[in-house]
Every structure is written in structure tokens, then in C-alpha cells.
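Student: any chance you could fold what I've pasted below:
(one chain, ligands or ions: 1)
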Amino acid sequence: MKVDFEKIFKEFEEDISRIKDLKSFKEVKDKYLSKEKGLITSLLKKIKEIPREEKPQFGKNVNILKGKITGKLEELKEKVELLELESRAKEESVDITLPGLDLPVGSHHPIKIVEKEICEIFERMGYFIAEGPEIETDFNNFEALNFPDDHPARDAQDTFFISEDKYYLLRTHTSPVQIRTMKKYGTPIKIIAPGKVFRRDTPDPTHSPIFHQIEGLVVDKNITMADLKGTLEKFARECFSEDTRIRLRPSFFPFVEPGAEVDISCIFCKGKGCRICKNSGWIEILGAGMVHPAVFEKCDIDPETYSGFAFGLGVDRIAILKYGIPDIRLFFENDVRFLRQF
Ligand code: FA5
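Tutor: Predicted structure coming up:
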């Protein structure tokens, strides 16, 4: 059997002259050097058909051919890789004259801006931030806060219960964080607890079924109502303006005694009377009071030794006042035209 090694090498040279990228390089390499179907392999397989005395020379010739082909391909490989890189760089190059993409930049939600501002005021007064879950137990949300069994807030009309036995619910205020903190850390305490709360209130311009509160709790020896009033006065001046005044009106919350609703002097008419304050000169912003002894007892704190005050303010209502927003529902509709303004 005659094999023309010269001719094979010529054909190989023609093949490599047509190589222009890695793909065609691989095709040529496979044609000659592939272990399964390559030409060199098929020549080696033919060795058994060769007369005995010609076998050594034939083997030698195949090896020489293989060496020449391998050498040439190795030389070429580097060049092809470089070519490939250049053409990729050309294709992927950035046209710096094209106009840039307009990536919209997000902003903080107005409720979060106001929540942060309020938290910072209290942090400057030495308060720590505490947190509690939005899903609460009846114990933390009502029982430990001294709500009687027949209190209307415990009614399914007012509370979103999430278990059949009405034990788990969406917290209706941030006051359960008071219970969690007293139970976990004992005394003394000086915390604020911001968060979402939920009530089955019909939505209207000042009511939303989801809204935000910030709870405050201070417990130590000799804490008095004067401390509460001084703290809230300082808060009102920092949150609104230096000339803002506050007034406390007696009110009832089962977990405080005495309890109070706290008003600020109307920030729009400065107390003269206008449409927003319904001509009273005052706007209600929060509930507050001295921690009820029964609540201390539920949390294993001795009411004879310790006293404390607590308050709970509605962040959404404060944001409405600060920004002059006509309807609380705007905060929850997520209309970017509204949100973009903050
Ligand atoms: C409470 O929730 C008490 N836990 C506050 C408190 C804490 C009192 C500590 C004493 C001691 P009240 O139900 O009044 O209180 O709610 C507090 C504030 O939440 C209100 O002043 C109001 O600003 C806001 N608020 C109440 N209901 C809604 C609602 N549906 N939508 C928006 N804001 C509301």
C-alpha cells in the first residue's frame, strides 16, 4: 500500500491557509489530529496492512508527518487566538459618543423620611431603638397591656386576627414592644420602637388600615409626668418649630394611668385657629401616659420601686402635617409622581 505523505502535507498546508478563526482552526486540527477520526490515527490503523519490511519506514513517516502538522498548528494557534481577540474587541468596543441611558434614581418614601427624623430626635435624647414583630400574640398586644376581655379593640371589627382562636393577630399598635422590652431587658429602659400597625379602619383622608407608629418607653426610679411633658415638648419643638407648644388632655388607655392625648399648637395658623385645626388652634398628634402598675406586674417589674412613661405617635399623621398632604392614602398608592417630590 502506497501513501503519499508529501501530498497529505500539501493538502494540510492548503487547509491551514484557509484558517481565519478559532472555529476553522479546530476543524483542521480535528481533521488531522483527532484521536478517533483524525488522518494520523487512520494512517496508524493501516499499519497492519503494510508488508512487514516496510512497517518501520511507514511508522517513521507517519511520526514525521504528525510532528510537522503538530508544530505548524501550535505556531498558528497563538496567531488565531490573537486574531479572535482583536475581532471580539472590535465588536464589543463602546461607542462613547452614544447618549447615556437615563437610569431613574429612587428616593426614600416620605413616611420613612419622617420616621427617621423622629427617631433621630429621640436618639439625640439618649433613646435606643427597639423592634417587635408585626404578627403579635393577644398577650403582648392586649392582655399584658391591661385590656379587659370585653374591650372594643379586641373585637374582630377592629383587629385583624390571623388564627381561629384569635391568639395571633396583626399588632394594632406598637405598644406590645413595651411588653417585649420590659420582659427581655428589665430596668432601666429608654427606648423608641418604630413600626407598621394594622387596624380594620375604613380608609379616609386621615385613616388607613395600615399605618405607622413610634412607641416611646422610659422606665426607671422617680420618673414623673413632668419628665413625659418635658420630653414631648422638646420633641415637638425639634420636629416642627421652636415656637411649637404642646398641651396634654386627660384621656384613657388601659395601659397607662393617668393617660393623656397630646396636642401641638397648630403649625399652620400658629394657634390662631384655621380649617386644618378646625379653629381650635390645636392638633392631636399622640397618646401618652404613666405606665400602669398592672402592666409592670405582668412584666415582673415592681411598681413600688419603678415608674415610667410611655407614648405612641402616628408617623403618617405627622408626615401629613409636615408636608401638607391632603390625604393619607397617597402614602400607600405608590404613584411615582407623588413619591418623586420627596
Ligand atoms: C395608641 O395606639 C396607643 N398605643 C398610644 C399610646 C402609647 C398611648 C403609649 C399611651 C401610651 P391611638 O389609638 O390613639 O393610641 O393611636 C395613636 C396614634 O396613631 C393616633 O394619635 C393617630 O396619630 C394614629 N392613628 C390611629 N389610627 C390611625 C389610622 N387608622 N390611620 C392613621 N393613623 C392612625
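Student: quick check, residue 161 in contact with residue 169.
Tutor: Yes. Counting by Cβ atoms under 8 Å, residue 161 does reach residue 169; the two are 4.9 Å apart. C-beta here means a position set from N, CA and C on the backbone, and glycine is covered the same way.
Student: more neighbours, the two?
Tutor: Higher neighbour count among residue 161 and residue 169: residue 169, with 23 against 15, using other Cβ atoms under 10 Å.
Student: for that one, phi and psi?
Tutor: phi -150, psi 170 (degrees, to the nearest 10).
Student: thinking it is in contact with residue 136, fair?
Tutor: Yes. If you go by Cβ under 8 Å, residue 169 and residue 136 touch, sitting 6.0 Å apart.
Student: so how far is residue 139 from residue 342?
Tutor: From residue 342 over to residue 139 the distance is 38 Å, taken as Cβ to Cβ, to the nearest Å.
Student: write out the residues of the stretch 101-250 of the chain neighbouring the ligand.
Tutor: For the stretch 101-250 of the chain, the residues in contact with the ligand (Cβ under 6 Å from any ligand atom) are 173, 175, 199, 201, 207, 208, 211, 213, 215.
Student: next, count neighbours for the residue of the stretch 1-150 of the chain found nearest the ligand.
Tutor: At 8.0 Å from the ligand, residue 145 is the closest residue in the stretch 1-150 of the chain, using Cβ to the nearest ligand atom. For residue 145, the tally of surrounding residues (other Cβ under 10 Å) stands at 24.
Student: pretty sure it contacts residue 259?
Tutor: No. Using Cβ under 8 Å, residue 145 makes no contact with residue 259, being 12.0 Å away.
Student: from residue 237, how far off is the residue most central in space within the chain?
Tutor: The C-alpha lying nearest the average C-alpha coordinate of the chain belongs to residue 108 (Cα atoms, centre = their mean; 11.9 Å). Residue 108 sits 24 Å away from residue 237, going by Cβ to Cβ.
Student: and if you look at residue 326?
Tutor: Counting by Cβ to Cβ, the gap from residue 326 to residue 237 is 26 Å.
Student: between those two, tell me which one has more neighbours.
Tutor: Neighbour count, other Cβ under 10 Å: between residue 326 and residue 237, residue 237 has more, with 16 against 8.
Student: which SS state does the more buried one fall under?
Tutor: When classified by DSSP: H, G, I helix; E, B strand; the rest coil, residue 237 comes out as helix.
Student: before we move on, what about residue 309?
Tutor: Per three-state DSSP, residue 309 ends up strand.
Student: who does it bridge with?
Tutor: On the basis of DSSP bridges, residue 309 takes part in beta bridges with residue 218, residue 290.
Student: any bit of stretch 251-271 sitting next to the ligand?
Tutor: Yes. Stretch 251-271 is in contact with the ligand by Cβ under 6 Å from any ligand atom, via 253, 256, 259.
Student: show the average pLDDT along stretch 230-248.
Tutor: Across stretch 230-248, the average pLDDT comes to 96.
Student: can you give me the strands in the stretch 201-342 of the chain?
Tutor: Secondary structure of the stretch 201-342 of the chain by DSSP state E, counting those that start in this stretch: the strands cover 210-220, 246-251, 256-265, 282-291, 307-314.
Student: from the chain's centre, how far out does the longest one sit?
Tutor: Okay, so that is strand 210-220. 23 Å (Cα atoms, centre = their mean, to the nearest Å).
Student: for the fourth one, same thing?
Tutor: Strand 282-291 has its C-alpha centroid displaced from the chain centroid by 32 Å (Cα atoms, centre = their mean).
Student: now the longest helix along the chain, how far from the chain's geometric center?
Tutor: Using DSSP state H to define each element, the chain has its longest helix at helix 55-92. Between the centre of helix 55-92 and the centre of its chain there are 54 Å (Cα atoms, centre = their mean).
Student: how near is residue 56 to residue 63?
Tutor: Taking Cβ to Cβ, one finds residue 56 at 11 Å from residue 63.
Student: now do residue 230
Tutor: As judged by Cβ to Cβ, residue 230 and residue 63 stand 100 Å apart.
Student: run a quick neighbour tally on residue 160.
Tutor: 15.
Student: can I assume it is in contact with residue 200?
Tutor: Yes. Counting by Cβ under 8 Å, residue 160 does reach residue 200; the two are 6.3 Å apart.
Student: about what we covered before: can you put the residues of the stretch 101-250 of the chain next to the ligand in CSV and add distance to residue 155 and pLDDT?
Tutor: Shown next, in CSV, are these (distance: Cβ to Cβ, whole Å; pLDDT from 0 to 100):
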residue, distance to residue 155, pLDDT
173, 15, 97
175, 17, 98
199, 11, 96
201, 13, 92
207, 17, 92
208, 19, 95
211, 19, 97
213, 20, 98
215, 22, 98
